[in-house]
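> Fold the following and give me the result.
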Amino acid sequence: MSYGDPNNPYGAPQGQPQQPQQGYGYPQQQGQAPGYGYPQAPPVSPYGGPAAPTTMPGSVGAARVMMWVIVGLQVVGVAFFAFAAAALNAAKDDESLRDNTAFQDLVGQSTGVIWGYVVFGLAWLVFAAVLATKFKNGGNGARVTILVFAIITAVLGIYPFILVGLVHTVLAILVAVFVGNANGKAWFNRPRY
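Here you go, the predicted structure:
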């Protein structure tokens, strides 16, 4: 039996040129394995699950944009309530309405409530802005806080502010869904090196 015998099971495969054998002392070249066998598995985290995302998932990015829209709506709402409170204070001092006791009682009670709405709206605005900045590098605590914020915002949009709160309610529900799903959990629980 020779190397050139086509029936030799130990000979060079047919159709491939035989490469010369390297001598002693020469570096051995490692050939690339042909494309058979199992496919390459996706990378896994050291904890055994799938690898953490390196870029923000689209749903989480959409939730961040919606949080900034909520901040913008809060700015408009705070400005509207502050303008309404200032207008009621100005109307209270009007000479033609000083004699109307029903109007003076209504203005006296509602002005304080409206200023309270302004203070609450301003605090909620700052809280929403801080949470919107936590999307990039916040941890699981930020995720839970954003979820609680979104749920409370949705409830507040339904009950006391039903006319102006409908957009807040829809946006807050979407933020809660997008942050609470698997992509949101993977993004906020990713390791930070």
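
> ok, longest helix in this protein?
helix 58-92 (DSSP state H).

> what comes up buried for that helix?
Buried residues in helix 58-92, counted by 16 or more other CB atoms under 10 Å: 59-60, 63-64, 66-67, 69-71, 73-74, 77-78, 81-82, 84-85, 88. Yep, even glycine has a C-beta here, placed from its N, CA and C like the rest.

> quick one: which helix or strand includes V155?
Using DSSP states H and E, V155 falls within helix 140-158.

> now that helix, how far from the chain's geometric center?
13 Å (CA atoms, centre = their mean, to the nearest Å).

> before we move on, what about stretch 95-107?
Worked out by CA atoms, centre = their mean, stretch 95-107 lies 49 Å from the chain centre.

> Please apply the same query to stretch 102-120.
37 Å.

> What of stretch 91-107?
The answer for stretch 91-107 is 49 Å, by CA atoms, centre = their mean.

> That stretch - what's its average pLDDT?
Stretch 91-107 comes out with an average pLDDT of 72.

> Can you list the buried residues in it?
Those would be V107, for stretch 91-107 by 16+ other CB under 10 Å.

> rewinding a little: in the helix or strand just after the longest helix of the chain, which residues are buried?
As assigned by DSSP H and E, the chain's next helix or strand after helix 58-92 is helix 101-133. Buried residues in helix 101-133, counted by 16+ other CB under 10 Å: 107, 111, 114-115, 117-118, 121-122, 124-125, 127-129, 131-132.

> The lowest-mean-pLDDT helix or strand in the chain packs against which elements?
Here the helix or strand of the chain ranked lowest by mean pLDDT, DSSP states H and E is helix 101-133, holding a mean of 85. Contacts defined by 3 or more CB pairs under 8 Å, 6 or more residues apart in numbering; DSSP states H and E place helix 101-133 against helix 58-92, helix 140-158.

> now it, how far from the chain's geometric center?
28 Å.

> Thanks a lot, see you next time.
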